[in-house]
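what's the 3D shape of this:
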Amino acid sequence: MTEVNSTPTITVSEDPVVETAAIAFAEVSVSDPAVEDATCSTTPMLDVVKQHLDAETWAYNVDVQEENHRTVITAGAKGENGSYRVLMDVKEARSLLLIFIKSHINFPENNRENLAVYLTRANYGLALGNFELDMEDGEVRYKCTTTVTGGSLSVEMVNAMLQNSLVTMDRYFGNMVKVGYGVMSAKQAIQEVEGGGSTDADKVSPTQ
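Below is the predicted model:
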């Protein structure tokens, strides 16, 4: 396991739907002759992900799991509404990159159905990524995935995916806790968040 140490701060878009993501994905379209040469790059996906994290001076660990044909990068982040675990699952053989933002809370069983309603309401309309709830242990995570089959991964794509995931998780997390502990109804919580009541998350900082 490799560890890189530093404690920077990154500033991300306040909008949970990062419009630059669409631009980033469009940039790797093989239909554009100007991009075809770039898609022939043999740069491993893992190297691209690390290049972005290093440029933003994130502190992270690298776990190479050869038996599972994957490499998992883990880090931490702190937002306006909570602290999160960041997992970046790189599956080179399948040309897949998965980013997970997880809370440190396992929500109580008696409120998980209401929490599922809240997350379903939150998911409706999200353009990039989605919330997931483990009904068995109460874990909540935000997942964002991309495939680069026939193309290549860019630093811009990694940046857009990571920014979107962090900001969206932090935006909905404050009221997620209220619903998860029975303080607020799912409908009321969503109306407050999406109506502008809990959208102060304009910064998410990497942590050690």
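
wait, is residue 72 part of a strand?
Yes - looking at residue 72 with DSSP: H, G, I helix; E, B strand; the rest coil, it is inside a strand.

show me what contacts the residue nearest the centre of the chain?
Within the chain, one residue has its C-alpha closest to the average C-alpha position: by C-alpha atoms, centre = their mean, that is residue 165, at 3.0 Å. With contacts defined as C-beta atoms under 8 Å, 6 or more residues apart in numbering, the neighbours of residue 165 are 99, 100, 101, 129, 142, 143, 144. Any C-beta I mention is one placed from the backbone N, CA and C, and that applies to glycine too.

Quick check: strands, which of these are part of them?
In this view, these that belong to strands under DSSP state E are 99, 100, 101, 142, 143, 144.

Could you dump those residues into JSON lines and include distance to residue 180 and neighbour count?
Written out in JSON lines, the entries for these read as follows (distance: C-beta to C-beta, whole Å; neighbours: other C-beta atoms under 10 Å):
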{"residue": "99", "distance to residue 180": "22", "neighbour count": "24"}
{"residue": "100", "distance to residue 180": "18", "neighbour count": "21"}
{"residue": "101", "distance to residue 180": "16", "neighbour count": "27"}
{"residue": "142", "distance to residue 180": "15", "neighbour count": "28"}
{"residue": "143", "distance to residue 180": "18", "neighbour count": "16"}
{"residue": "144", "distance to residue 180": "22", "neighbour count": "24"}
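
and after the helix or strand in which the residue nearest to the centre of the chain is found, which helix or strand comes next?
Assignment of secondary structure by DSSP states H and E places residue 165 within helix 155-180. For helix 155-180, the succeeding helix or strand toward the C-terminus, using DSSP H and E, is helix 186-194.

Can you point out the buried residues in that following helix?
Neighbour-count burial for helix 186-194 flags 186, 189, 190, 192, 193, 194 (criterion: 16 or more other C-beta atoms under 10 Å).

Quick check: residue 115 touching residue 186?
Yes - under the criterion of C-beta atoms under 8 Å, residue 115 lies in contact with residue 186, with a separation of 7.5 Å.

list the residues that contact both of the two?
Jointly contacting residue 115 and residue 186 under the rule C-beta under 8 Å, 6+ apart are residue 179.

Show residues contacting whatever helix or strand residue 52 lives in.
When elements are defined using DSSP H and E, residue 52 is found to belong to helix 45-55. Outside helix 45-55, the residues that touch it by C-beta under 8 Å, 6+ apart are 4, 60, 62, 71, 73, 75, 88, 90, 92, 95, 97, 148, 152-155, 158-159, 162.

what is the closest residue to residue 85 other than its chain neighbours paired to in the beta sheet?
Distance criterion C-beta to C-beta, 6 or more residues apart in numbering; nearest residue to residue 85, sequence neighbours excluded, is residue 102 at 4.4 Å. Bridge pairing for residue 102 (DSSP bridges) gives the partners residue 85, residue 141.

in its sheet, what does the host helix or strand of residue 75 sit against?
When secondary structure is defined by DSSP H and E, residue 75 falls within strand 70-78. Looking at strand 70-78 with DSSP bridges, its paired strands and their directions are strand 60-65 (antiparallel), strand 83-91 (antiparallel), strand 203-207 (antiparallel).
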